[in-house]
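Chemist: with the input below, show me the fold.
(chains A and B)
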Amino acid sequence: MGAEPQFVDAPTGVADAEPLLSIRDLVTEFKTPDGIVHAVDGVSYEVFPGETLGVVGESGSGKSVTVMSVLRLIPQPPGRIANGQILLDGTDLLQLSDADMRKVRGKDVAMIFQDPMTSLNPVLSVGDQLAEAILVHNDIGEDAARKRVVELLELVGVPNADQRFDQYPHEYSGGMRQRAMIAMAMANQPKILIADEPTTALDVTIQAQVLEVLQRAKQETNAGVILITHDLGVIAEMADRVVVMYGGRVVETGTVDEIFHSPKHPYTLGLLSSLPRPDVDMERLVPIPGQPPSLINLPSGCSFHPRCHLGEGRQTCRTEIPPLFELGPMRASACHFHEEMEDEIHRVESTTGTAIEGDEA
Amino acid sequence: MTAVSTPGGMQPVPEDQLHVRAQIGEEILRVDGLTKHFPLRGGVFNRQYGAVRAVDGVSLTINAGETVSLVGESGCGKSTTGRCIVRLLDPTAGHVYFKGHDLAQMSHRQMRQMRREIQIVFQDPYASLNPRINVNEIIAEPMRIYGRYKDGGKERVKELMRIVGLNPEHGNRFPHEFSGGQRQRIGIARALALNPQLLILDEPVSALDVSIQAQVINLLEDLQNEFGLAYLFIAHDLSVVRHLSDRVAVMYLGHVVEFGTKHEIFENPTHPYTQALLSAVPLTDPRMRGKRERIVLEGDVPSPSNPPSGCRFRTRCWKAEDICATEVPELIDRFGHGHPSACHFAEPKAVIRG
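Modeler: The predicted model follows:
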C-alpha cells in the first residue's frame, strides 16, 4: 500500500478527454416575496467519464440547485432557469421537450438523494420501485426486471436480496435504503450519477459502507459521478476533482490534492481551517467570520469580501466581481489576489498548529 | 438534602459549599450505574411487555474545568444520559452525584436548586428557543425564575450577550431574526445566565455549517477557560470530539464501552467498536486515501428493546467468541492498557492513521 503514488490526480487522460456533461453559465433564480433569490449565478463546470467530481459548499451555496437544474427538477414557478446550457454528450438538456427530458432522467442521468426515506415511495415495495425504474426505460418483461433488480440489490450488498425485494422501505434500515437508492440509480447504466449528500443522514460506520458501495457503482457503470456534500472528509476520500461553491458561484476548482493542500481561494482555506481533524490535534480553529451572504442581496464585487481576511476590504474586492482565473489545466480560482495565498496559508497554519501544505513525499 | 456518601467518590460537600465553584481538577460529577428504560406498552390492558433499554449502567466522572465527551452513533443512549443527569428524564436506576449529593434521589424542589449549577444546551437552535419572546427575555428567564433578575439583571443580560459574541443592541429581536449560529449563541448565553459549574452540551454544533461550527467551538473553548466550566459534550462527530475533549467515553447500545483520555481513545483504542468507529471516519487528507486499514462493520445496530446477550457489540464484532454471548464484559482495565475497556479481548491498535 505504501508504494502507491502520493498525489491523487484526476484519472489519466481526463484533460484531453471530451467532457460527458458540461454546465455553462447556468443561472437559476427563485421569485420570493422578498425579492429574487439568485441561487445559481453563472456556474460552469464539466464532468468527465469515470471521474468523481466533488462539489463542496455550505448551505445556500447553490450546489444542489445546480444539479436540480441539470435534471430540470426546479419547480417552475417560483423557480426559473434564466440562462445557460447543460450539454450532455453535446445535447442541450435545457432545449429538450418534457417528454424527451423524461427519457434522460433515470437513464442517462440518475440521482441519489440525501434522504432515502422521503425519496422512496412508502406504499410500494422496494423491489417494485426498482423494477419500475428499469421498465420505464427498457422493454423487458416483469420477470426479467425482477431478476435484474435482485442482481442489483446483491451488488450493493443488500443481504437476502430475493426476500428483500418484497419488503417496504420502512422495513429497511437507513443504510439499506440508501443502498437501494444507489441500486436504483445504477439500474440503467447512467452516464452521469449525481449523489446529493448521500451519507449525510447516516452514522459514520454506515457511511463507510455506503461510500464503498458508491465507489463500486461508479466502477460498474463507468459513469461520471457528481458528489455533492458539505463534508470535506467525504470529498477527501472520494473525489478526483473538486468544485468549491460560494454564494451561487464557483470560487475554486482543482484536483482533490490541490484543493486540500494548496487552496487558491481564501474561502476554501477558511473551510479547511474551520475543520477539526480526527487524526491530528489542532491548537485553535480559524473560523470564517460572519455569516453566509444573502442570495437576494449579494455583496458587491467579490461576494466573499465581507468575510475575507486576504482582501482586507481592498477596493478591487469591493467593486469588481472576480472572474475564474485559469491557473492551469482544470485549475481555477475566483480571487483577485490568489497569488497572495501562500502567505495566507502560513498565517492560518501558525494558528491551527497543523500543516495544510503538508509533505508531498 | 440527601447526603449519601458516594462509593469510591468524594464525601458530600456541606450544603453551603454546593454553590461555591469547585477547584479546577476536583471531581464535581460522578455518574454511577445510570440506567434508563422506556417501557413498551400495548394490548387491550396497555400492559408493559418490554422496555427500550436506552441507557444501561453508565458510569463516568467529570472534574471541574474539563470536557468529557460522550460519543456514539444514533440510538446509543448518549443524549438520554445527558437528560437523565439534569433529570429532564427520571433515571430508572443508578446515581448521579453532584459534589457528593445524589441528584437521582432529590425531590423536584431540591433538584430545582441544583439546576442552577448544571445547565443544558440543546442541539436544535430552532426548537429550543421560545419564538414568541425576545432574546432579552429568553436570557433573563432563568434569572427571573431564581429571583435574581431584580438586582442588575438587565445589565447581566447585556453582559452575557457580549460574552457569547452577540450585539446587546439586538436584545429586543426575536429568535427567527437570527441565523442558526447566532441562535446557538443565544442558547449558550441562557445556559450561562446563572453562572453554572457544569454545562451539558447536547450536539451543540451538529446543525451548523462548518465555518459557523468553528466559531461556536472557539466560543465554547474561551468560555471554559474564562469561567472554569466543566462540559459534558455529547456528539457523534469524532473530529469535534477530539478537538474539544479532555476525556472521552464511547457508547454503544446503552453501555460505555471504553473510557479514557482523548489521547488514549484516539491513538490507542482497545475496544473493537472504538477501533471500527475511528477507522470509518473520513480523514480530510486525500493523500491518506487507501493507506489505512478500514474496519467495515457488518449490519446495523441491534434494537435496544432486545439487545444481544453478553457483550452487546458481539453481533457485529470480528473478535466474538463463546464467552462474549454469555458474559457481559465489565468496563475495566484488564490487561494494563491504562484505561478501561469493556471487551473480553481488548487490545490496543492504532487505527486513525492506519
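Chemist: can you give me the helices in chain A?
Modeler: A:63-70, A:98-104, A:116-119, A:126-137, A:142-155, A:161-164, A:174-186, A:204-221, A:232-238, A:256-261, A:266-274, A:315-319, A:341-352 (DSSP state H).
Chemist: what's the closest of the ones you listed to A:P33?
Modeler: helix A:63-70 (18.9 Å; C-beta to C-beta). For every residue, glycine as well, the C-beta is placed using N, CA and C.
Chemist: of the helices of chain A, which is nearest B:R144?
Modeler: That would be helix A:266-274 among the helices of chain A, by C-beta to C-beta, at 36.4 Å.
Chemist: centroid residue for the chain?
Modeler: In the absence of a named chain, chain A is used. A:I228 (2.2 Å; C-alpha atoms, centre = their mean).
Chemist: wrong one, chain B
Modeler: Short answer for chain B (C-alpha atoms, centre = their mean): B:I234, at 3.5 Å.
Chemist: help me confirm that it is found in a helix?
Modeler: No. Counting by DSSP: H, G, I helix; E, B strand; the rest coil, B:I234 is not part of a helix but strand.
Chemist: using JSON lines, lay out the helices of chain A together with distance to B:G50 and mean neighbour count.
Modeler: Formatted as JSON lines, the helices of chain A follow (distance: least, C-beta to C-beta, whole Å; neighbours: other C-beta atoms under 10 Å in any protein chain shown):
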{"stretch": "helix A:63-70", "distance to B:G50": "41", "mean neighbour count": "24"}
{"stretch": "helix A:98-104", "distance to B:G50": "48", "mean neighbour count": "13"}
{"stretch": "helix A:116-119", "distance to B:G50": "25", "mean neighbour count": "16"}
{"stretch": "helix A:126-137", "distance to B:G50": "28", "mean neighbour count": "21"}
{"stretch": "helix A:142-155", "distance to B:G50": "32", "mean neighbour count": "17"}
{"stretch": "helix A:161-164", "distance to B:G50": "26", "mean neighbour count": "16"}
{"stretch": "helix A:174-186", "distance to B:G50": "23", "mean neighbour count": "25"}
{"stretch": "helix A:204-221", "distance to B:G50": "25", "mean neighbour count": "20"}
{"stretch": "helix A:232-238", "distance to B:G50": "38", "mean neighbour count": "24"}
{"stretch": "helix A:256-261", "distance to B:G50": "48", "mean neighbour count": "24"}
{"stretch": "helix A:266-274", "distance to B:G50": "44", "mean neighbour count": "26"}
{"stretch": "helix A:315-319", "distance to B:G50": "63", "mean neighbour count": "14"}
{"stretch": "helix A:341-352", "distance to B:G50": "49", "mean neighbour count": "16"}
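Chemist: for A:S294, which of the ones you listed is the nearest?
Modeler: helix A:63-70 (15.4 Å).
Chemist: roughly how far is the closest one from the heart of the chain?
Modeler: The chain centre lies 9 Å from the centre of helix A:63-70; the measure is C-alpha atoms, centre = their mean, to the nearest Å.
Chemist: so is that helix next to chain B?
Modeler: No. No part of helix A:63-70 sits near chain B under the criterion C-beta under 8 Å from any C-beta of the partner chain; the closest distance found is 12.3 Å.
Chemist: following element in sequence after the strand or helix carrying B:E137, please.
Modeler: Using DSSP states H and E, B:E137 sits within helix B:135-145. With elements assigned by DSSP H and E, the helix or strand that comes after helix B:135-145 is helix B:153-163.
Chemist: for that following helix, name the packing helices and strands.
Modeler: Here helix B:153-163 is seen to pack against helix B:135-145, helix B:180-192 when contacts are counted using 3 or more C-beta pairs under 8 Å, 6 or more residues apart in numbering or on different chains; DSSP states H and E.
Chemist: okay, buried residues for it please.
Modeler: B:153, B:156-158, B:160-161, B:163 (16 or more other C-beta atoms under 10 Å in any protein chain shown).
Chemist: which residues of the stretch 51-200 of chain B lie near chain A?
Modeler: B:73-74, B:179, B:181-182.
Chemist: can you convert these into CSV and add a column each for neighbour count?
Modeler: Shown next, in CSV, are those (neighbours: other C-beta atoms under 10 Å in any protein chain shown):
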residue, neighbour count
B:E73, 20
B:S74, 13
B:S179, 15
B:G181, 24
B:Q182, 23
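Chemist: and which of those residues is nearest chain A?
Modeler: B:E73 (3.9 Å; C-beta to the nearest C-beta).
Chemist: rewinding a little: tell me the one among the residues of the stretch 51-200 of chain B next to chain A nearest to B:H108.
Modeler: Distances from B:H108 to these, taken by C-beta to C-beta, are shortest for B:S74, at 30.4 Å.
Chemist: ok but the closest one is inside a strand, no?
Modeler: No. The assignment for B:S74 (three-state DSSP) gives coil, which keeps it out of a strand.
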